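*Asks:* Build the 3D model from these lines:
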Amino acid sequence: MIAFLLIIGAAYLIGSIPFGVVVAKLRGVDLRTVGSGNIGATNAGRVLGRPFAVLVFALDFAKGAMPTALVVRFADRLPEGGSGFGPVEVLHVATAAAAFLGHMFPIYLKFRGGKGVAIGAGVAAALALLPFAAAVVAWSLTALLTRYVSAASLAAAAALAIVRLIEPTAIEPGRVIVTAFIVLGAMLVFVKHYANIGRLICGTESRIGDGPKRHRLIDALHLLALSLVFGGAFFFNFVAAPAIFRSFKELVGTGPSDRTAQLAIVPADADDETKNALASALAGAAVGPIFPLYFRMLIGGLFVALATAFARSIEYRKLQLSLLGIAFMLAVAGWFVSQEVSRLRSERYSHDETLKAQAKADFGPVHLVSLAMSAVGTLLAGAALAVAGRSENRPSRTLPDRQVE
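*Replies:* Residues are numbered from 1 along each chain as shown. Predicted coordinates:
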């Protein structure tokens, strides 16, 4: 118990180190009395310059990530073996919480700290990598498109919590404590940003700079997302999937070979119907695990393409937005239809003859709808890419940014 408390106390003290204040002091500036008065990377960048913003962010990120990641080395020295809600999970989350709260309520600054974005990113990276990656994408995309750092931070916190909640392991014993911490941490980030939220609503929040580099980056991200969607979808629908189904059909029809490890996977006297059923089942088993990744790629890529399309000033903008909007809706709908296809594919081989017959009758039409939706979505993404390639991006004229009062 004493070791546990010492570790938590050390994490809190490490999290309390106000790197923003320290770095600014070395430059002869009290960060708490200039700019927004916040001790985080955003204000450091506003007052000292972008390189110092990166430095402060990296230091704040490290003071959250390092204690949280390293503490698991001590878990095997504690009782209860670290199972269930035992020391591994409790110690891991308690260390992360101590470091996080140390930054937001540092003892060195009379408990007046930062807003927890950088250190929150650090502890999230150590606790849950996939939600952290989603938060990074959300922050980057929101900052690029809106130029509001505060809005980007709120978007990142929301993405972190949402992605964690939809993970399959989110509420499993031993992991639910991590989920609870991530959700509460995200809520606390919103609470600490209450003044920024008010300024966002009023339109008085300050923005980061705009310029040709930003527009080129938006263009590049837009074209990259569209190329990934169209290229990936075209290859999967028109090249990979047909080749896989043909391959299994040939494999079943040719008997034992080096591709079956010289084993007979179907009786020599099997009729064509049996061989076709086996080939279809094997091909479905091969393609099935790809579908979740495929639809995540489509939905994520089309979302990025749509978001960046709104920020571009190009010819045929309405046409491109229409194409992307329809493709996005087809991708979302296609995800649900693919789940039904997978269910029916499995039920076609059920021991229940009634269920088997019904699944066989329903499978063809549903599968055809799924293929049609995927093909149409692919063609729409290709059309949107063609429109983007023909259009010249012209940075729109922007009004001067209003500063924080």
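*Asks:* in this structure, which ranges drop under the pLDDT threshold?
*Replies:* 1, 73-87, 314, 391-405 (pLDDT under 70).
*Asks:* Walk me through the domains of it.
*Replies:* Domain assignment of the chain by automatic domain parsing yields the ranges 2-202, 212-390.
*Asks:* would you turn these into JSON lines with mean neighbour count?
*Replies:* Yep, even glycine has a C-beta here, placed from its N, CA and C like the rest. Shown next, in JSON lines, are the domains of the chain (neighbours: other C-beta atoms under 10 Å):
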{"stretch": "domain 2-202", "mean neighbour count": "19"}
{"stretch": "domain 212-390", "mean neighbour count": "16"}
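*Asks:* any idea how far residue 50 is from residue 369?
*Replies:* In this view, residue 50 and residue 369 are 51 Å apart by C-beta to C-beta, to the nearest Å.
*Asks:* Please read the previous query as pertaining to residue 15.
*Replies:* For residue 15, the distance to residue 369 - C-beta to C-beta - is 53 Å.
*Asks:* Then residue 194?
*Replies:* Residue 194 is 47 Å from residue 369, by C-beta to C-beta.
*Asks:* Which helix or which strand is home to the closest residue to residue 226 other than its chain neighbours?
*Replies:* Distance criterion C-beta to C-beta, 6 or more residues apart in numbering; nearest residue to residue 226, sequence neighbours excluded, is residue 385 at 4.4 Å. Using DSSP states H and E, residue 385 falls within helix 353-390.
*Asks:* helices or strands up against that helix?
*Replies:* helix 212-235, helix 290-310, helix 317-347 (3 or more C-beta pairs under 8 Å, 6 or more residues apart in numbering; DSSP states H and E).
*Asks:* what is the orientation angle of it with helix 317-347?
*Replies:* 160 degrees (axes from the mean of the first three to the mean of the last three C-alpha atoms, to 10 degrees).
*Asks:* Now do helix 353-390 against helix 290-310, angle only.
*Replies:* Using the same axes, to 10 degrees: helix 353-390 against helix 290-310 is 30 degrees.
*Asks:* is it true that residue 223 touches residue 387?
*Replies:* No: here residue 223 does not reach residue 387: they are 11.3 Å apart, not a contact under C-beta atoms under 8 Å.
*Asks:* residues contacting residue 40?
*Replies:* Neighbouring residues of residue 40 by C-beta atoms under 8 Å, 6 or more residues apart in numbering: 20, 56, 57, 60, 114, 115, 117, 118.
*Asks:* Could you rerun that using 10 Å?
*Replies:* 18-20, 31, 53, 56-57, 60, 103, 113-119, 149, 153, 192 (C-beta atoms under 10 Å, 6 or more residues apart in numbering).
*Asks:* so how far is residue 156 from it?
*Replies:* 13 Å.
*Asks:* who touches both of these two?
*Replies:* Contacts common to residue 40 and residue 156, judged by C-beta under 10 Å, 6+ apart, are residue 117.
*Asks:* need the contact list for the residue nearest the centre of the chain.
*Replies:* What sits nearest the mean C-alpha location of the chain, by C-alpha atoms, centre = their mean, is residue 134, with 2.4 Å. The neighbours of residue 134, taking C-beta under 10 Å, 6+ apart as the test, are 124, 128, 156, 158, 159, 160, 161, 162, 163, 164, 300.
*Asks:* The second one contacts residue 166, correct?
*Replies:* No: the criterion here is C-beta atoms under 10 Å, and residue 128 misses it with residue 166 at 11.9 Å.
*Asks:* Please name the spatially closest residue to residue 150 (chain neighbours excluded).
*Replies:* Closest to residue 150 by C-beta to C-beta, 6+ apart is residue 196, at 3.7 Å.
*Asks:* Now for that neighbour: which residues touch it?
*Replies:* The contact partners of residue 196, by C-beta under 10 Å, 6+ apart, come to 36, 38, 42, 115, 148-151, 153-154, 190, 205-206, 404.
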